[in-house]
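Novice: just coords:
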């Protein structure tokens, strides 16, 4: 029950913001700020970063991928323990697709990535 409450709160929190951030990932093109796209995918918002990579829901599950080719090229997916048909993407739980992607998996956050000011 606590996990369900946490997922619902995370989904509600993500719906309050129009942008999400990934600060590290095994595939560098997935790092950056994701803004909510004007189009929905699978009845849920789709988020796109400055490199053209997307976070989107397909058949009830959330994915990181490249939607330029068709069908989309999936790099990371969140299927186990990620809340089927959740209205917003989970912050964690994505797994690299074998043979296509690399660890570490992206982690979504609502705050911008911290800048490294150290020399």
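Specialist: Alright, I've got the coordinates. Computed from a prediction, not measured in an experiment: that's the story for all the values here.

Novice: so where's the chain uncertain?
Specialist: For the chain, applying pLDDT under 70 flags the ranges 1-17, 115-119.

Novice: ok, which stretches of it are helices?
Specialist: 2-15 (DSSP state H).

Novice: can you give me the buried ones in the longest strand along the chain?
Specialist: In the chain, with assignment by DSSP state E, the single longest strand is strand 32-41. Residues 32, 34, 36, 37, 41 are the ones in strand 32-41 that count as buried (16 or more other CB atoms under 10 Å). (C-beta placed from N, C-alpha, C; glycine too.)

Novice: where along the protein do the strands fall?
Specialist: 19-22, 32-41, 44-49, 53-58, 61-66, 73-78, 95-96, 108-109.

Novice: any idea how far residue 112 is from the closest residue to residue 72 other than its chain neighbours?
Specialist: Of all residues not flanking residue 72 in the chain, residue 65 sits nearest, at 4.8 Å (CB to CB, 6 or more residues apart in numbering). Residue 65 sits at a distance of 23 Å from residue 112 (criterion: CB to CB, to the nearest Å).

Novice: over to residue 67?
Specialist: Computed as CB to CB, the residue 67 to residue 112 distance reads 24 Å.

Novice: who has more neighbours, these two?
Specialist: Between residue 67 and residue 112, counted using other CB atoms under 10 Å, residue 67 has the larger neighbour count: 19 against 10.

Novice: quick one, what contacts that one?
Specialist: 46, 54, 56 (CB atoms under 8 Å, 6 or more residues apart in numbering).

Novice: counting neighbours, what do you get for the second one?
Specialist: Think residue 54. 20.

Novice: list the beta-bridge partners for it.
Specialist: residue 48, residue 65 (DSSP bridges).

Novice: for it, give me its contacts.
Specialist: Per CB under 8 Å, 6+ apart, neighbours of residue 54: 34, 37, 46, 47, 48, 64, 65, 66, 67, 72.
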